[in-house]
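*Asks:* Sequence plus predicted model, see below.
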Amino acid sequence: MDKLKKSLLLCTFFLEFASGFYLPGSFPHKYYVGDQLSVKVNSLTSIDTELPYGYYSLPFCKPLEGVKDSAENLGELLMGDRIENSPYRFKMHVNESELFLCQTNALSVDESKVLKERIDEMYQVNLNLDNLPAIRYMNKDGFFLRWTGYPVGIKVKDVYYVFNHLKFTVLVHKYEKTNTMPGVIGAGDGVELITTDDKSVIDTPAYMVVGFEVVPCSFQHNIDLLKNLKRYDKYAAPIKCEPATVAGVIQEGKPLVYSYEVNFVESDIKWPSRWDAYLKMEGAKVHWFSILNSMMVITFLAGIVLIIFLRTIRRDLARYEELDKEAQAQINEELSGWKLVVGDVFRVPENSELLSMMVADGCRILGMAVVTILFAALGFMSPASRGTLITGMLLFYMFLGIIAGYVAVWLMKTLNAGNTNGWLSISWRVSCFGPGIAFLILTVLNFLLWGSHSTGAIPFTTYIILLLLWFCISMPLTLIGGFIATKAPHLEYPCRSNQIPREIPSNRFPTWVLVIGAGTLPFGTLFIELFFIMSSIWLGRVYYVFGFLLVVLILLVVVCAEVSLVLTYMHLCMEDWRWWWKSFFASGSVAIYIFFYSVNYLVFDLKSLSGPVSAMLYLGYSLLMALAVMLATGAIGFLTSFFFVHRLFSSVKID
């Protein structure tokens, strides 16, 4: 009975503990009245890198203790986010107004010029409190808009005004403890369950931050009232924060004065729902339209595939199987179309090792995308934990190297009729192929960032971490995957290849035109969702409709498979047995249209982007994204066509 009692007590304890479990990066922090709340600032809030874009590169107030970086993860470093402390200080549930922050030195010509440039470029200041970005609400033309952050200032009739007074509203929710937390005290082999009866702890109210709002105002302070004022002292005159009026003019030779106020409001918003205001999906109809558009493309292609299989291939095969041997020998002389290339369709393609590496790395990228989006849709990669999405993508890519090694060696083994010689070489090369391209592009772009003294440059220590992940995790796993593939059975060809290649008939137009044009269909399934993704990357908007993105990804896989299958069959009907590379690029050519779309987005949606360095940075990252999409979609198309051709010629009794 004693053992049973101890077990029940321990189970009760762990059940109580489990009731307070939260997903990684989402554990609540409770504050007592009067506890200090620290506001942090994102020092890189623009993609323009011609000049240093750190928050403190502008004439803002600096913390008394100095500027310090907050702890960052690998994803934040790769994205260029720099989270630093700020001079804004709050006390939990203590309302304060007319707080003097600082007075800057007289603005120099360069400082005034840079500040005006940032206003023209709509530079946004992003503040964070308890990991919540400051959100700004405004009504415009009858629409209720939400923005994260606030602009530095505004230009009215060729006069520049600075937003030098901030009105903060902190939404808090009272921490509610449903029942007392049991504890376990052990002494020797005795266990006793106790409860907390400390009334001083229970009666002290605690709060959680569930919202952070900001209203920027432009106010003209009286310099004479600032004498003998220290930071966080109360300004001698009332400050009316009216967003519709501006007064703080930016003038050379004149200082800027900053102030703020904070108001705490108790809210019914629960802590798990505090991100709803940021993640509230706008334009749901647009996302549904994207999915319906993809479904129409799939239905159209599915109809063509059904016609090919049901009305053409099955009819020909059924008619062929009904003939006797003499009739089959006679019809062999009258064969046309895809049945004529039976002796060449499985001929080893040119640059077969490169094809194997591209397909293998495409499978790894596709697996990374599926797992990452699935985890994000389930809430494991919430924006509440900055950088987790990029970190997760990188780690998944590294660990899925075992898939890349397996696919590369298995494909080479199949192409070489079961010969596994050189498996170590192909495994080593595929481990360097994809990561090597990405590392090369990132290095070139990082040199541009270093040259422009941008805060978005990747630190040298991060490079060391990336190299360790590459050579200590990705490469060994790729070699292990290749070794496993040597023990796996390969796919045997249903027919032998002739010694002399068959001559391919000339066509009226190059067949590669069809291959490149086929990429428009996969692009049509994702171009709407691509706009939201680009906006979240380059314009700082929060993207969290990963459920829609997962559906679009599934539809994209189906469209790529159907497009490649149809194009492969068309080429075989034209007696073109060189289908290997064309099946890869039939679906992989979608990357061309994605890159062109990125250029269009740069010209029409990022008009404030200035300078060649910024444009090269944007195009470099767009190129990296397009290459990743090409490898993933190309792998889908190739593997679909490969198994289709194998199944098709397995049904033909021709040797």
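*Replies:* Sure, I can see it.

*Asks:* Show me the longest helix that occurs in this structure.
*Replies:* helix 612-650 (DSSP state H).

*Asks:* Average pLDDT for that one, rounded please.
*Replies:* Mean pLDDT, computed over helix 612-650, is 90.

*Asks:* Quick one: distance of that helix to the chain centre.
*Replies:* 17 Å (CA atoms, centre = their mean, to the nearest Å).

*Asks:* What residues of that helix count as buried?
*Replies:* Neighbour-count burial for helix 612-650 flags 613-615, 617-642, 644-646, 648-649 (criterion: 16 or more other CB atoms under 10 Å). Bear in mind the C-beta positions are built from the backbone N, C-alpha and C, glycine included.

*Asks:* Tell me which helix or strand comes right after the strand ranked longest in the chain.
*Replies:* Looking across the chain with DSSP state E, the single longest strand is strand 206-217. Counting by DSSP states H and E, the next helix or strand C-terminal to strand 206-217 is strand 257-266.

*Asks:* Let me know the secondary structure of the nearest residue to residue 346 once chain neighbours are set aside.
*Replies:* Nearest in space to residue 346, with sequence neighbours left out and distances taken as CB to CB, 6 or more residues apart in numbering, is residue 493 at 4.5 Å. Recorded secondary structure, residue 493: coil (DSSP: H, G, I helix; E, B strand; the rest coil).

*Asks:* And the nearest residue to residue 266 once chain neighbours are set aside, its phi and psi?
*Replies:* Among residues not flanking residue 266 along the chain, residue 172 sits closest, at 5.9 Å (CB to CB, 6+ apart). Note on residue 172: backbone dihedrals following degrees, to the nearest 10 are phi -130, psi 150.

*Asks:* Do I have it right that residue 172 meets residue 95?
*Replies:* No - shown here, residue 172 and residue 95 do not form a contact pair, counting by CB atoms under 8 Å, at 11.6 Å.

*Asks:* Give me the common contacts of the two.
*Replies:* residue 264 (CB atoms under 8 Å, 6 or more residues apart in numbering).

*Asks:* of those two, who's got more company?
*Replies:* Taking neighbours as other CB atoms under 10 Å, residue 172 and residue 95 compare with residue 172 leading, 21 against 12.

*Asks:* Quick one: work out the angle between the longest strand of the chain and strand 257-266.
*Replies:* Computed with axes from the mean of the first three to the mean of the last three CA atoms, to 10 degrees, the direction of strand 206-217 lies at 140 degrees from that of strand 257-266.

*Asks:* How far off centre is strand 206-217?
*Replies:* 27 Å.

*Asks:* now do stretch 547-563
*Replies:* So, by CA atoms, centre = their mean, the centroid of stretch 547-563 is 17 Å from its chain's centroid.

*Asks:* Rounded mean pLDDT for it, please.
*Replies:* Rounded mean pLDDT across stretch 547-563 is 87.

*Asks:* For it, buried residues please.
*Replies:* So for stretch 547-563, counting by 16+ other CB under 10 Å, buried means 548-553, 555-563.

*Asks:* Return the closest of these with respect to residue 78.
*Replies:* Comparing the buried residues of stretch 547-563 against residue 78 with CB to CB places residue 549 closest, at 20.2 Å.

*Asks:* The closest one should be in a helix, yeah?
*Replies:* Yes - applying three-state DSSP, one finds residue 549 inside a helix.

*Asks:* measure it to residue 146 for me?
*Replies:* Counting by CB to CB, to the nearest Å, the separation of residue 549 from residue 146 is 21 Å.

*Asks:* now swap in residue 429 and tell me
*Replies:* Here the criterion is CB to CB. By it, residue 429 lies 49 Å from residue 146.

*Asks:* Likewise for residue 84?
*Replies:* As for residue 84, its distance to residue 146 is 25 Å (criterion: CB to CB).

*Asks:* Quick check: phi and psi on the closest residue to residue 162 other than its chain neighbours?
*Replies:* Distances taken as CB to CB, 6+ apart place residue 153 nearest to residue 162, at 4.2 Å, with adjacent residues excluded. Per-residue torsions, residue 153: phi -170, psi -160 (degrees, to the nearest 10).

*Asks:* Check what pLDDT residue 153 gets.
*Replies:* As predicted, residue 153 sits at a pLDDT of 91.

*Asks:* residues near it, how many?
*Replies:* Neighbour number of residue 153 under other CB under 10 Å is 23.

*Asks:* Ok, residue 447 next?
*Replies:* Each residue near residue 447 was counted by other CB under 10 Å, and the total is 11.

*Asks:* Give the other helices and strands that the helix or strand where residue 357 lies contacts.
*Replies:* Using DSSP H and E, residue 357 sits in helix 352-377. For helix 352-377, the packing partners by 3 or more CB pairs under 8 Å, 6 or more residues apart in numbering; DSSP states H and E come out as helix 388-399, helix 401-415, helix 423-451, helix 546-573, helix 580-588, helix 612-650.

*Asks:* Out of those helices, flag the one nearest residue 357.
*Replies:* helix 423-451 (4.6 Å).

*Asks:* Go through the closest one and flag the buried ones.
*Replies:* Under 16+ other CB under 10 Å, the buried positions of helix 423-451 are 423, 426-427, 429-435, 437-438, 442, 445-446, 448-449.

*Asks:* Following the chain past that helix, name the next helix or strand.
*Replies:* For helix 423-451, the following helix or strand on the C-terminal side (DSSP H and E) is helix 460-469.

*Asks:* pLDDT on that next one, on average?
*Replies:* 88.

*Asks:* can you check stretch 515-531 too?
*Replies:* 85.

*Asks:* Now it: buried residues?
*Replies:* Counting neighbours by 16+ other CB under 10 Å, one finds that the buried residues in stretch 515-531 are 515, 518-519, 521-531.

*Asks:* list the helices and strands the longest strand of the chain packs on?
*Replies:* Packing partners of strand 206-217 (3+ CB pairs under 8 Å, 6+ apart): strand 30-32, strand 124-129, strand 132-133, strand 135-140, strand 150-151, strand 165-174.

*Asks:* Can I get it as PDB, trimmed to CA atoms?
*Replies:* C-alpha atoms of strand 206-217 as PDB (Å, rounded to 0.1, in the frame of the first residue of the first chain):
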ATOM      1  CA  ALA A 206       0.700  38.700 -11.000                       C
ATOM      2  CA  TYR A 207       0.100  39.600 -14.600                       C
ATOM      3  CA  MET A 208       1.100  38.400 -18.100                       C
ATOM      4  CA  VAL A 209       1.700  40.600 -21.100                       C
ATOM      5  CA  VAL A 210      -0.900  39.800 -23.800                       C
ATOM      6  CA  GLY A 211      -0.700  42.900 -26.000                       C
ATOM      7  CA  PHE A 212       1.700  45.700 -26.900                       C
ATOM      8  CA  GLU A 213       0.400  48.800 -28.800                       C
ATOM      9  CA  VAL A 214       2.000  52.000 -29.800                       C
ATOM     10  CA  VAL A 215       0.800  55.300 -31.100                       C
ATOM     11  CA  PRO A 216       3.600  57.600 -32.500                       C
ATOM     12  CA  CYS A 217       3.100  61.400 -32.200                       C
END
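
*Asks:* what's the angle between that strand and strand 165-174?
*Replies:* Orientation check (the same axes, to 10 degrees): strand 206-217 against strand 165-174 gives 160 degrees.

*Asks:* Burial check on residue 214, number of neighbours?
*Replies:* 24.

*Asks:* one step back: quick check, pLDDT for the residue nearest to residue 266.
*Replies:* 94.

*Asks:* wait, what's in contact with it?
*Replies:* Contact analysis of residue 172 by CB under 8 Å, 6+ apart lists 92, 93, 207, 208, 209, 210, 264, 265, 266, 267.
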